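J.: I'd like to go over a predicted model; first the sequence, then the structure.
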Amino acid sequence: MKKVGLGIAVVLALVLLGGFVVNQLGDVATAARAGDCARISGALENPTYQALDCGSEQANVKIAKVLDWNEKACPSGGMDYSTYTGDATLCLMPNFVEGACYGQDSESGIAKVDCSTKDSVKVAKVFSGKTDRTVCGASRAAVFPEPAVTFCLERGDQKQ
């Protein structure tokens, strides 16, 4: 069994931490739709939200669900969603691409990197429509219930 280690923990923590950044963006949530992608960047005090095509190299998050003002929380599952509040709450998930590697980025929190980058995380497999950790075998599973997707994650900076 492969040890996935610190790299994956750092990447996942950065995605989750990002949820506390955008509560100052206000009107962003009113235009956002589930399935849209964006780049979240900037410091905690001055975050920026840039709507992007999901195929963009810069798109680091995908909107999983948009909650109305009276809904209390994003769906829960194998991992908590990041939440952005304004007029609505955006439930976010990483915009991971199968075969790509990700690492810590001082500007956006998480970004695509070369797989040889120290502590990088490789998305070994993406299972859309599934929330089953067992499909990842020895890899670390990141599971999101809505929309249903399972990401199988491995160390990117080690020879396989």
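T.: Noted; the coordinates are in hand.
J.: residue ranges of the helices in this structure, please?
T.: Secondary structure of the chain (DSSP state H): helices located at 6-17, 28-31.
J.: worst average pLDDT in the ones you listed?
T.: In terms of mean pLDDT, the lowest-scoring of the helices of the chain is helix 6-17 (a mean of 49).
J.: Return the set of residues that bridge with residue 101.
T.: In this entry, residue 101 is beta-bridged to residue 113, residue 122, by DSSP bridges.
J.: For it, give its distance to residue 61.
T.: In this structure, residue 101 lies at 17 Å from residue 61, with Cβ to Cβ, to the nearest Å as the measure. No exception for glycine: its C-beta is placed from N, CA and C like everyone else's.
J.: Compare neighbour counts for those two and give me the winner.
T.: Set side by side, residue 101 and residue 61 give different neighbour counts by other Cβ atoms under 10 Å, the larger being at residue 61 (27 against 23).
J.: State the distance from the closest residue to the more buried one other than its chain neighbours to residue 139.
T.: Take residue 61 and drop its neighbours on the chain: the residue closest to it by Cβ to Cβ, 6 or more residues apart in numbering is residue 92, 4.6 Å away. Residue 92 sits 22 Å away from residue 139, going by Cβ to Cβ.
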